[in-house]
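>>> model the structure of this input:
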Amino acid sequence: MNFYSSVVSFFQDGGVFMVPIVVVLALGLAIAAERWVFLSRTSFGNRSLWTKITPYIQAGKFGEAVNVTSKSKTAIATILTYGLHRTKNAARRDDIEKAMEESLMEVMPRLEKRTHYLATFANVATLLGLLGTIIGLINAFTAVAAANPAEKADMLSASISVAMNTTAFGLMVAIPLLLVHTLLQSKTTEIVDSLEMVAVKFLNAVDERRNKAEQPA
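Numbers count the residues shown, from 1 in each chain. The predicted model follows:
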């Protein structure tokens, strides 16, 4: 109960700027949760699809592979579908590679979507906290100027302590948001790296099948 009372008192003493900081925190947590779920599903879906179509690619059954990838909405399916379609009329590896790079550019915005907002929200929370503290200090000095000289020191120290609440809360919101932003960026980079690795494996498999086909019986 004492903890609950302390939290309520902390927010009440912080003033009106505590409210927008809470809003920033709520938006940041919502985006972080949505992005984490999306990236986790994307990573799992990519691994599952690659495991499923690897036998087709190694066997040179590109028609069966494209039937599987065209029915999937995962990021890896988009890239491989571009590559598989390109193998039908492209004689050079570079042509297939360019098609897959084009598809990767199409996929990446979906992976990075809204993640950058977390860094922005962290900065906004910090600035709102500082602004709330400055406004609180202005009000404190204004009130102290008309107070009894004997009470000025006590009033000023109390007012400064209250004004600092918004800065403290702004930092308490900003630090976790920055950490989550870094975590999501790392997860996104990991997925992009895995897509590039799959593209290279696919190109190598295509080259291997073509080399075998060109060898004399």
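
>>> count the residues that sit near Leu203.
Leu203 has 17 neighbours, counted by other C-beta atoms under 10 Å. For every residue, glycine as well, the C-beta is placed using N, CA and C.

>>> ok, it to Arg209 distance?
11 Å (C-beta to C-beta, to the nearest Å).

>>> where does Phe11 fall, secondary structure wise?
For Phe11, the host element (DSSP states H and E) is helix 2-14.

>>> now do that helix: everything it contacts.
18, 132, 162, 165-166, 169 (C-beta atoms under 8 Å, 6 or more residues apart in numbering).

>>> among those, which one has the most neighbours?
Neighbour-wise, the contacts of helix 2-14 (other C-beta under 10 Å) top out at Thr166, 28 neighbours.

>>> how near is that residue to Ser48?
47 Å.

>>> okay, the angle between the lengthiest helix in the chain and helix 2-14?
The residue-count maximum for a helix in the chain (DSSP state H) belongs to helix 152-214. Angle of helix 152-214 versus helix 2-14, following axes from the mean of the first three to the mean of the last three C-alpha atoms, to 10 degrees, is 100 degrees.

>>> picking up where we left off before, out of the contacts of helix 2-14, which is nearest to Ala33?
Distance to Ala33, by C-beta to C-beta, is smallest for Phe169 among these, at 20.9 Å.

>>> what about the closest residue to that closest one other than its chain neighbours, helix or strand, and which?
Among residues not flanking Phe169 along the chain, Ile21 sits closest, at 5.6 Å (C-beta to C-beta, 6 or more residues apart in numbering). For Ile21, the element it lies in under DSSP H and E is helix 18-58.

>>> rewinding a little: state the mean pLDDT of the longest helix of the chain.
Helix 152-214 shows an average pLDDT of 83 in the prediction.

>>> send the alpha carbons of the helix or strand where Ile96 lies over as CSV?
Take DSSP H and E as the rule and Ile96 turns out to sit in helix 93-112. Output of helix 93-112 as CSV, limited to C-alpha atoms (Å, rounded to 0.1, in the frame of the first residue of the first chain):
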residue,chain,number,x,y,z
ARG,A,93,23.6,-15.8,-62.2
ASP,A,94,23.8,-12.0,-62.0
ASP,A,95,20.3,-11.6,-63.5
ILE,A,96,18.8,-13.9,-60.8
GLU,A,97,20.8,-12.2,-58.1
LYS,A,98,19.5,-8.8,-59.2
ALA,A,99,15.9,-10.0,-59.1
MET,A,100,16.4,-11.3,-55.6
GLU,A,101,18.0,-8.1,-54.5
GLU,A,102,15.0,-6.2,-55.8
SER,A,103,12.7,-8.4,-53.8
LEU,A,104,14.8,-7.9,-50.7
MET,A,105,14.4,-4.1,-51.1
GLU,A,106,10.7,-4.8,-51.2
VAL,A,107,10.8,-6.9,-48.0
MET,A,108,13.0,-4.7,-45.8
PRO,A,109,10.6,-1.8,-45.3
ARG,A,110,8.1,-4.3,-43.8
LEU,A,111,10.7,-5.6,-41.4
GLU,A,112,11.9,-2.1,-40.3
